[in-house]
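Peer 1: Structure for this input, please:
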Amino acid sequence: MTQLEQFIQDTAIVNTHEHLVKEDAWTAAGQAQTGPDIVSELFSGYLSSDLLTAGATPEAVEAATTPTGIDIAKRFEGIREAWEMSQLTGYGEAARITAKLVYGMDRITGDALEAAQDVSKANRVPGRRHSLLSETGNIDHVQIDDFVRPCEPDPSGLDFFLYDLSWVSFCQGAVEVPEILEQVGVEVKDVATYREAVTAIFQRWGPTAIAVKTQHAYGRTLRWTEQTDADAAKVLAKVLAEKPVSQDELDCLGDWGFARGIEQAMQHNLPIKIHTGYYAGNRSMIVDRIRPGHLAPLLIKYPDAKFVLMHIGYPYEDEIIALAKHFPNVYVDMCWAWSIDPYASCRFVRKMIHAAPINRLFGFGGDTFCPSASVGYAMQARAWLNRALQAEIDQGLLSEDQAIQLAERFMRANQLSCFDLNGTRAAIHAAAAAPA
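Peer 2: All right, here's what the predicted structure looks like:
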């Protein structure tokens, strides 16, 4: 093992993006009759999309990925041929790593899955979610988007499990009147009260959030246009009156809501994470609207905000490199990218090194719901990061010492300089200690 590879293996990596279930949901499956379930743990999530593309029937994939705790080998047999076609993809590689590292499987077979079911159940105990990530995965801490605005302290790891403030509904023009009223006591009636609600949300959860997160690219274009209060007011009145609205109108209100969130994020020193590029799932991706270049007007408008552009904008990697090179307020996050396309991600790292300043890149986020999968994705990222940097050494472009310094930056140093970990953790501890 080279010094570079050893360093990458030994260094605790910052995990900037997951969708992990909470501790109670993770442990409850250990007691339920229907779970835990080794087949669903390995083959649900992103890998199921590759299985469908490979030719598995939706019924077979649903049977395999629905936790039952029974018929392990039979359910695997229904997707076996598709698995054989998918095991070399990035998703397939991550599943093989997880199977080996977490469940002790040298090869995924029906018999091996049956034998690993007891390991799956043994993992569903209090504290194991934390130790899988921090010890087995050697992860420094995890930043989680659980799709909600409240960023409450997580008692299973106050300093370890940190949460994004979800802003996707505001960016999509969806006005969640009852939820906002319940959460912050503001009834949205017009633009003025909508702005008041935005401020109240950040006052309540901004201190305990690690970032603001939106994945509105799944429902609309990433293209952003500045909107006036008057423009937004017209659409908001129709939405509140439950009148039909066009996609252009929703985009108008969404652009307005996104801008108000960015202004509050700046006041609370919160980076803004934006999904760019590839869609999870099958048969839904409109590739033109996911281009990171659409965000340029937003980056120009808010030069003092910190924007974290996620997933390397795949398949528009060159656009995101250009943005990172041009805009001092842009960071690029490789979360999910290693498993989408590890070769493209490997090339991306090398291109970023020679195109943009080295403090612009974050090296890992698993983007998963399951902690065991996150462990596999972390190991996959380490292996491919090593390949990228070793190739630079082999071609005489970097010394090994320089490569190690870059690994340190991409795995943790850049993230620690961008996110206010100390301030967030202090606020979380204060909130946890406050009377109920």
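
Peer 1: so what secondary structure elements neighbour the helix or strand V119 falls within?
Peer 2: Secondary structure from DSSP states H and E places V119 in helix 110-122. With contacts taken as 3 or more C-beta pairs under 8 Å, 6 or more residues apart in numbering; DSSP states H and E, helix 110-122 sits against helix 38-43, helix 72-77, helix 90-103. To be clear about C-beta, it is placed using only N, CA and C from the backbone, and glycine gets the same treatment.

Peer 1: And the protein, what are its domain boundaries?
Peer 2: Here the domain assignment for the chain is 37-122, 128-433, based on automatic domain parsing.

Peer 1: ok so, going back, ranking the helices and strands packed on helix 110-122 by burial, who's on top?
Peer 2: Highest mean neighbour count of those: helix 38-43, a mean of 28 (counted as mean count of other C-beta atoms under 10 Å).

Peer 1: Show me which parts of the helix or strand just after that one are buried, residue by residue.
Peer 2: As assigned by DSSP H and E, the chain's next helix or strand after helix 38-43 is helix 46-54. Neighbour counts over helix 46-54 (16 or more other C-beta atoms under 10 Å) mark Y46, L47, S48, S49, D50, L51, L52, A54 as buried.

Peer 1: Can you name the residues in contact with helix 46-54?
Peer 2: 43, 58, 61, 64-65, 79, 81-83, 85-86, 89, 91-92, 94-95, 280-282, 339-340, 367-368 (C-beta atoms under 8 Å, 6 or more residues apart in numbering).

Peer 1: ok, of these, which come out buried?
Peer 2: Using 16+ other C-beta under 10 Å, the buried ones in these are 43, 61, 64-65, 79, 82-83, 85-86, 89, 91-92, 94-95, 280, 339-340, 367-368.

Peer 1: and L421, how many residues sit next to it?
Peer 2: Neighbours of L421 under the rule other C-beta atoms under 10 Å: 18.

Peer 1: how about the helix ranked longest in the chain: buried residues?
Peer 2: Within the chain, and with DSSP state H defining each element, the longest helix by residue count is helix 371-394. Going by neighbour count (16+ other C-beta under 10 Å), the buried part of helix 371-394 is 371-393.

Peer 1: separation between the nearest residue to M266 once chain neighbours are set aside and I272?
Peer 2: Of all residues not flanking M266 in the chain, A305 sits nearest, at 5.1 Å (C-beta to C-beta, 6 or more residues apart in numbering). Using C-beta to C-beta, to the nearest Å, we find A305 at a distance of 6 Å from I272.

Peer 1: And A337, by the same measure?
Peer 2: According to C-beta to C-beta, A337 and I272 sit 19 Å apart.

Peer 1: more crowded one of these two?
Peer 2: A337 (30 against 24).

Peer 1: what sits against the more buried one?
Peer 2: A337 sits next to H311, I312, Y314, A344, S345, F348 when contact means C-beta under 8 Å, 6+ apart.

Peer 1: let's see it at 10 Å
Peer 2: Going by C-beta atoms under 10 Å, 6 or more residues apart in numbering, A337 touches 90, 277-278, 310-314, 317, 344-346, 348-349, 363-365, 367, 381, 384.

Peer 1: picking up where we left off before, in the helix holding V119, what's buried?
Peer 2: A112, L113, A116, Q117, S120, K121.

Peer 1: Of those residues, which is the nearest to P357?
Peer 2: Proximity of the buried residues of helix 110-122 to P357 (C-beta to C-beta) peaks at S120, which lies at 43.3 Å.

Peer 1: Looks like that closest one contacts S372 (just checking).
Peer 2: Yes - between S120 and S372 there is a contact under C-beta atoms under 10 Å: 8.1 Å.

Peer 1: Give me the common contacts of the two.
Peer 2: P36, I38, E41, L42, V102, Y103.

Peer 1: which residues sit in contact with the fourth one?
Peer 2: When you say that, I think you mean L42. 64-65, 76, 83, 94-96, 98-99, 102-103, 105, 108, 113, 116, 120, 370, 372-373, 376.

Peer 1: Could you check how far it is from W83?
Peer 2: For L42, the distance to W83 (C-beta to C-beta) stands at 9 Å.

Peer 1: who touches both of those two?
Peer 2: The overlap between the contact sets of L42 and W83 (C-beta under 10 Å, 6+ apart) consists of A64, F76, A95, I108.

Peer 1: Out of the contacts of A337, which end up buried?
Peer 2: Counted by 16+ other C-beta under 10 Å, these give 90, 277-278, 310-314, 317, 345-346, 348-349, 363-365, 367, 381, 384 as buried.

Peer 1: Strands along the stretch 151-300 of the chain, start to end?
Peer 2: Ranges of strands within the stretch 151-300 of the chain are 161-166, 209-214, 272-275, based on DSSP state E, counting those that start in this stretch.

Peer 1: The stretch 301-436 of the chain now?
Peer 2: 307-310, 330-333, 361-362.

Peer 1: Kindly reformat those as TSV containing distance to H216 and mean pLDDT.
Peer 2: Putting the strands of the stretch 301-436 of the chain into TSV (distance: least, C-beta to C-beta, whole Å; pLDDT from 0 to 100) gives the following:
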stretch	distance to H216	mean pLDDT
strand 307-310	12	98
strand 330-333	16	98
strand 361-362	21	98
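
Peer 1: Pull the contacting residues for the spatially closest residue to F369 that is not a sequence neighbour.
Peer 2: Take F369 and drop its neighbours on the chain: the residue closest to it by C-beta to C-beta, 6+ apart is H19, 5.0 Å away. Contact partners of H19, counting by C-beta under 10 Å, 6+ apart, are G45, I144, D145, D146, F147, D164, G366, D367, T368, F369, C370, S374.
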